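Asker: please find the sequence and the predicted model below.
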Amino acid sequence: MASRRTVVLALAALVIFAMGLASSVAAQDSKEAWKESGMELKVYDIKAFLERTPIYNFARVPGTDQQAMSPKFNLSGTLGTTGAGMFDVADADPDYLQESRARQRELSDLIQQLVSPKEPWDVHGGRGSIVFLSSRGQMFVKTTPDGHQQIVEILKHVLPGSKSSVVVDIKVVELEGEGLGDGPAAGFVARTDAERAALNNAIRKVHQHVVLTGTDGQVLSNERGLTHSYVSQLEPVISDLAAGLNATVDVLTDGLAVEVQPTMSTDGKTATLDFRLIMSRTVALREGVNGVTTVLQKQEAAFDLPTIASDAQAGTINLPIDSPMIIAGGTVPAKLVDKNAADDAADISVFYVATVRVIKAAAEKE
């Protein structure tokens with residue numbers, strides 16, 4: 001019995017070996033046939049081209065890029081009945097699949113327009129073709145050897161290199177104003193150790209400090225502060241013989257909301273920083289009253305109308321890496337930075353200091 005089982009296993013192994021050998025021979029024949037026809041099939045790894053820079057980091061609230069920094073309060077300080085915090089919350093995400101397909105078409109058009117192999121592309125009546133496998137980030141190209149050489153040259157300029165990891169540091173400060181030069185404080189860049197020391201000495205108080213970590217080109221956001229809920233509206237609910245009030249509960253955030261997008265220059269010495277900054281504080285909650293009356297009863301209840309002090313800054317600026325820069329500033333209500341300030345207290349000047357740093361790998365540090 002044992003010998004029969006041994007013979008069966010041996011025959012099975014022989015069959016598998018023969019199938020593998022036949023497959024290898026067929027593949028070799030196919031490869032030779034490609035060469036004889038003057039065409040070659042090559043697979044290109046284009047994942048880096050199809051993948052987009054991530055938009056959301058772990059600190060980000062749900063929302064689309066366009067809506068994420070839309071404040072629901074106006075700068076005069078009174079919040080309406082729409083409620084919510086500093087970010088507009090929505091559940092819509094970009095259509096990444098559609099964008100990937102658009103990039104495939106863009107790359108295919110680029111190759112077919114710029115690469116001129118000896119055998120024309122199929123769009124021009126030839127045998128050359130381009131097919132994408134999106135799930136694996138691969139591009140299959142059938143063309144002549146000279147065509148592949150041209151494609152390699154194009155991809156050197158199309159495929160992005162490895163993206164740097166960056167840290168964006170944002171501070172909201174009060175300044176003494178001395179030692180920063182004769183010009184306005186906004187725009188001051190601390191490139192040298194002496195200038196960094198001067199800026200540190202000029203900072204009288206830090207009101208907010210946010211540090212975000214991400215990738216070169218990534219949109220980073222954070223909402224830092226204290227949150228509290230409140231009744232923002234009461235809606236009457238009326239039946240034939242009875243009435244009631246349905247409460248809407250919203251949330252306010254006191255603190256600093258930041259959305260930034262750092263984009264490194266090709267030489268790695270500077271960064272373009274797109275920024276939106278919103279600092280807010282709830283100054284007071286005023287009482288509002290709503291009610292409903294039927295032939296049988298009357299009901300009234302109070303809800304809150306918040307008053308908010310706020311400051312919003314936005315812009316695009318170029319700044320050197322590792323060099324703190326005052327990117328914005330202005331006067332804000334005293335209540336915004338000091339909840340105990342008197343109602344008639346004078347406005348306070350605050351400035352926003354940004355620093356972009358690059359996180360280097362261990363091998364680079366050595």
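Answerer: Nice, thanks for sending it over.
Asker: for stretch 260-269, what does the pLDDT average out to?
Answerer: Stretch 260-269 shows a mean pLDDT of 88.
Asker: first to last residue in it, what's the distance?
Answerer: Using Cα to Cα, to the nearest Å, one end of stretch 260-269 lies 18 Å from the other.
Asker: which other residues reach it?
Answerer: Stretch 260-269 is contacted from outside by 164, 166, 168, 170, 212, 214, 216-221, 270-276, 320-321, 354, 356, 358, using Cβ atoms under 8 Å, 6 or more residues apart in numbering. C-betas here are computed from N, CA, C, even on glycine.
Asker: show me those that map onto strands.
Answerer: Mapping the contacts of stretch 260-269 onto strands (DSSP state E) picks out 166, 168, 170, 212, 214, 220-221, 270-276, 320, 354, 356, 358.
Asker: quick one: buried ones out of the contacts of stretch 260-269?
Answerer: Among these, those classed as buried by 16 or more other Cβ atoms under 10 Å are 164, 166, 168, 170, 212, 214, 216-221, 270-271, 273, 275-276, 320-321, 354, 356, 358.
Asker: which residues of the stretch 251-366 of the chain fall in strands?
Answerer: Secondary structure of the stretch 251-366 of the chain (DSSP state E, counting those that start in this stretch): strands at 270-293, 298-320, 325-332, 348-359.
Asker: buried residues, the shortest one. List them.
Answerer: Buried positions in strand 325-332, judged by neighbour count with 16+ other Cβ under 10 Å: 325-329, 332.
Asker: in these, find the pair that's most separated.
Answerer: M325 and V332 (19.8 Å; Cβ to Cβ).
Asker: how about N200, phi and psi?
Answerer: Main-chain torsions, N200, degrees, to the nearest 10: phi -60, psi -40.
Asker: from V358, how far off is it?
Answerer: 21 Å (Cβ to Cβ, to the nearest Å).
Asker: circling back to that earlier point, of all the strands of the stretch 251-366 of the chain, which one comes closest to G137?
Answerer: strand 348-359 (25.1 Å).
Asker: mind giving me the packing neighbours of that closest one?
Answerer: Judged by 3 or more Cβ pairs under 8 Å, 6 or more residues apart in numbering; DSSP states H and E, strand 348-359 is in contact with strand 165-175, strand 203-215, strand 243-264, strand 270-293, strand 298-320, strand 325-332, helix 334-337.
Asker: could you export the ones you listed as TSV, including distance to S129?
Answerer: Below are the helices and strands packed on strand 348-359 laid out as TSV (distance: least, Cβ to Cβ, whole Å):
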stretch	distance to S129
strand 165-175	38
strand 203-215	34
strand 243-264	35
strand 270-293	39
strand 298-320	42
strand 325-332	50
helix 334-337	62
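Asker: and the gap between E195 and N246?
Answerer: 58 Å.
Asker: neighbour count winner among those two?
Answerer: The neighbour comparison of E195 against N246 (other Cβ atoms under 10 Å) goes to E195, with 17 against 9.
Asker: and which of the buried residues of strand 325-332 is nearest I348?
Answerer: V332 (5.9 Å).
Asker: for D216, report the pLDDT, please.
Answerer: Taking D216 on its own, its pLDDT is 86.
Asker: and it, how far from T331?
Answerer: 34 Å.
Asker: ok, M279 next?
Answerer: Distance, M279 to T331, using Cβ to Cβ: 13 Å.
Asker: now list whatever residues contact both of those two.
Answerer: Common neighbours of M279 and T331, using Cβ under 8 Å, 6+ apart, are V350.
Asker: got the contact list for V189?
Answerer: Here V189 is in contact with 195, 319-320, 323-326 (criterion: Cβ under 8 Å, 6+ apart).
Asker: what about stretch 314-322, average pLDDT?
Answerer: Stretch 314-322 comes out with an average pLDDT of 93.
Asker: can you count the residues close to the residue nearest to S165 when sequence neighbours are not counted?
Answerer: Using Cβ to Cβ, 6 or more residues apart in numbering and skipping the chain neighbours, the partner closest in space to S165 is I359 (4.0 Å). When counting by other Cβ under 10 Å, one arrives at 12 neighbours for I359.
Asker: my read is that I359 contacts T215, right?
Answerer: No - at 9.9 Å, I359 does not count as touching T215 under the criterion of Cβ atoms under 8 Å.
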